[in-house]
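*Asks:* return atomic coordinates for the entry below.
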Amino acid sequence: MAQYDLTARVAPFLDRHLVFPLLEFLQDKQLYSDDQILKSKIELLAKTNMVDYAMDIHKSLYHTEDVPQDMVDRRAEVVGRLKVLEESAAPLISFLQNPALVQELRSDKQYNLQMLQERYQIGSEQIEALYQYAKFQFECGNYSGASDYLYEYRALCTNSERSISALWGKLACEVLMQNWDTATDELNRLKEFIDSKNFASPLNQLQQRTWLMHWSLFIFFNHDNGRNGIIDLFFSERYLNAIQTNAHHLLRYLATAVIVNKRRRNMIKELIKVIQQERYSYSDPVTEFLECLYVNYDFEGAQRKLRECEELIVSDFFLGKQTSENGFVPIPLLDEFMENARLFIFETYCRIHQCIDICMLSQKLNMNYDDAERWIVNLIRNARLDAKIDSKMGTVVMGTQYPNIYEQIIEKTKVLSQRSYALTTNVVMTSAAVTASAAR
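*Replies:* As a prediction, this is how the structure comes out:
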């Protein structure tokens with residue numbers, strides 16, 4: 001199942017703290033050896049302040065109670081630095097912890113800065129210290145404390161670069177604490193900032209959008225409305241362009257979301273077009289299943305890919321989330337995926353065959369004749385197919401369906417718009433690269 005693992009592709013777009021849950025998942029699934037996972041964890045921890053955690057992993061990896069001297073020295077350094085930052089930020093933290101004083105703050109940042117300086121001798125140095133203290137707390141793994149301090153810092157920060165850094169930090173904290181409602185709010189706030197800010201380079205903005213989509217996976221596959229959220233975000237023109245430019249592997253998650261979301265079945269056609277455009281850059285059992293079914297009409301191939309999809313979902317961190325019920329640990333998304341995928345197969349079969357033998361279908365469905373007939377009736381009703389059942393002949397007769405001319409025009413216009421946007425982006429990026437090269 002390791003062949004379907006996307007951790008190596010996803011990790012470069014995540015903060016190192018967000019990679020730890022992925023490694024824990026891989027370790028639980030035993031997709032790689034424990035030594036490989038533990039070494040990866042130590043490598044990640046090397047650039048954080050979670051020294052105690054690194055020591056524990058070192059002991060597990062090398063089966064010893066001794067730790068390297070550099071880890072001991074690093075721990076002393078972290079403790080010392082933490083005390084210095086705490087003292088530097090103390091005046092502002094004391095102010096923020098006093099509800100009576102906090103009431104003096106207003107929505108006007110300039111007023112707040114002036115008021116803090118004049119009344120409490122709290123200036124830019126203390127505000128900067130609060131940011132550094134929050135960042136240090138995050139690196140130590142204190143996500144709750146870091147989240148609180150970053151929230152307060154944002155209300156006082158006037159530097160746009162620091163503001164976006166604080167937004168990313170706050171989002172990471174909420175994701176790691178699994179506060180999905182708050183994380184959704186932070187995600188939307190960050191998206192608005194990225195889309196509205198004038199970046200010095202289009203490439204930088206493209207990178208920010210790519211990072212945002214990767215971080216959003218944690219939220220969208222845990223939040224109640226996440227399946228709609230991922231479809232809305234990933235199909236929006238600028239973000240779809242980012243997928244096709246920087247992150248083709250995200251098609252796995254977009255395709256899965258469309259398959260399990262019955263209310264967004266109208267996105268299938270657009271999804272298939274994107275999958276076909278990117279098939280030479282990326283493919284996996286999920287995208288290949290859709291190609292078999294909707295492009296090649298290869299039903300046997302679709303069934304084979306569906307079995308591979310089951311292995312893929314179980315081994316994917318974002319898709320294979322398990323829930324414990326009475327000692328049994330099911331994977332909710334897997335059940336929904338398999339149910340809807342099978343429904344896709346039979347709906348497509350019904351659409352391309354004018355006469356369908358109910359007995360043959362009953363054997364494929366592993367049902368008796370009467371149950372199969374009822375299942376087909378429900379399928380026709382739910383899919384709004386133009387069909388009639390001939391009980392005497394034991395067949396389903398499909399009516400002729402003509403494509404809607406307006407839908408065809410809209411689809412062609414969407415494709416043209418996407419191609420124009422992609423072409424414009426590539427021209428701008430090339431021009432920026434040439435200019436930068438000439439400047440050097």
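
*Asks:* now Arg81: closest residue in space, sequence neighbours ignored.
*Replies:* In this structure, Arg81 finds its nearest non-sequential neighbour in Phe136, 6.8 Å apart by C-beta to C-beta, 6 or more residues apart in numbering. (Each C-beta comes from the backbone N, C-alpha and C, glycine too.)

*Asks:* what does Leu101 give?
*Replies:* Phe95 (5.3 Å).

*Asks:* state the pLDDT value of the one you found.
*Replies:* We note a pLDDT of 94 for Phe95 in this prediction.

*Asks:* that one: what's it in contact with?
*Replies:* Residues near Phe95 by C-beta atoms under 8 Å, 6 or more residues apart in numbering: Leu101, Val102, Leu116, Tyr120, Ile122.

*Asks:* how far away is it from Glu278?
*Replies:* 52 Å (C-beta to C-beta, to the nearest Å).

*Asks:* show me what contacts Leu23?
*Replies:* If you count contacts by C-beta under 8 Å, 6+ apart, then Leu23 has Thr7, Ile37, Ser40, Lys41, Leu44 around it.

*Asks:* do the same with Asp181
*Replies:* Counting by C-beta under 8 Å, 6+ apart, Asp181 has contacts His223.

*Asks:* what helix or strand is it on?
*Replies:* Asp181 is part of helix 180-196 when elements are defined by DSSP states H and E.

*Asks:* mean confidence for that helix?
*Replies:* The average pLDDT within helix 180-196 is 95.

*Asks:* buried residues in that helix, which are they?
*Replies:* By 16 or more other C-beta atoms under 10 Å, the buried positions in helix 180-196 come out as Trp180, Thr182, Ala183, Thr184, Glu186, Leu187, Leu190, Lys191, Phe193, Ile194.

*Asks:* before we move on, the earlier item: closest to Asp148 among the contacts of Phe95?
*Replies:* Val102 (12.6 Å; C-beta to C-beta).

*Asks:* for the buried residues of helix 180-196, which one is nearest Met338?
*Replies:* Scanning the buried residues of helix 180-196 for proximity to Met338, where the rule is C-beta to C-beta, the winner is Trp180, at 24.8 Å.

*Asks:* not counting its neighbours along the chain, what's nearest that closest one?
*Replies:* His223 (4.4 Å).

*Asks:* for the helix holding Asp181, what is the distance to the chain centroid?
*Replies:* 13 Å (C-alpha atoms, centre = their mean, to the nearest Å).

*Asks:* what packs against the helix or strand just after it?
*Replies:* Remark: after helix 180-196, the chain's next helix or strand is helix 202-220, criterion DSSP H and E. With contacts defined as 3 or more C-beta pairs under 8 Å, 6 or more residues apart in numbering; DSSP states H and E, helix 202-220 has these neighbours: helix 16-29, helix 160-176, helix 180-196, helix 226-235, helix 237-246, helix 251-260, helix 405-439.

*Asks:* how about a cut-off of 6 Å?
*Replies:* Contact partners of helix 202-220 among helices and strands, from 3 or more C-beta pairs under 6 Å, 6 or more residues apart in numbering; DSSP states H and E: helix 180-196, helix 226-235, helix 237-246, helix 405-439.

*Asks:* quick one: work out the angle between the first one and helix 202-220.
*Replies:* Right, the one you point to is helix 180-196. 170 degrees (axes from the mean of the first three to the mean of the last three C-alpha atoms, to 10 degrees).

*Asks:* hang on, the earlier thing: now the residue nearest to Arg81: which helix or strand?
*Replies:* Using DSSP H and E, the element containing Phe136 is helix 124-139.

*Asks:* average pLDDT across that helix?
*Replies:* Here the average pLDDT along helix 124-139 is 96.

*Asks:* taking helix 180-196 as reference, get the angle to the next helix or strand after that helix.
*Replies:* Beyond helix 124-139 on the C-terminal side, the first helix or strand identified by DSSP H and E is helix 143-154. Counting by the same axes, to 10 degrees, helix 143-154 lies at 40 degrees to helix 180-196.

*Asks:* mind checking how far helix 143-154 is from the chain centre?
*Replies:* The answer for helix 143-154 is 23 Å, by C-alpha atoms, centre = their mean.

*Asks:* buried residues in it?
*Replies:* Tyr143, Gly145, Ala146, Ser147, Asp148, Tyr149, Leu150, Tyr151, Glu152, Tyr153, Arg154.

*Asks:* angle of that helix against helix 160-176?
*Replies:* 150 degrees.

*Asks:* which strands and helices lie in contact with helix 143-154?
*Replies:* helix 124-139, helix 160-176.

*Asks:* and the closest residue to Ile275 other than its chain neighbours, what element?
*Replies:* Excluding the flanking residues, the one nearest Ile275 by C-beta to C-beta, 6+ apart is Thr287, at 4.8 Å. For Thr287, the enclosing helix or strand under DSSP H and E is helix 285-294.

*Asks:* same for that helix, what does it pack against?
*Replies:* helix 251-260, helix 299-314.

*Asks:* how about 10 Å then?
*Replies:* Here helix 285-294 touches helix 251-260, helix 268-277, helix 299-314, helix 332-352, going by 3 or more C-beta pairs under 10 Å, 6 or more residues apart in numbering; DSSP states H and E.

*Asks:* so how far is Ala90 from the residue lying closest to Glu278 once chain neighbours are set aside?
*Replies:* Closest residue to Glu278 apart from its sequence neighbours, by C-beta to C-beta, 6+ apart: His248 at 5.1 Å. Distance of His248 to Ala90, computed by C-beta to C-beta: 48 Å.
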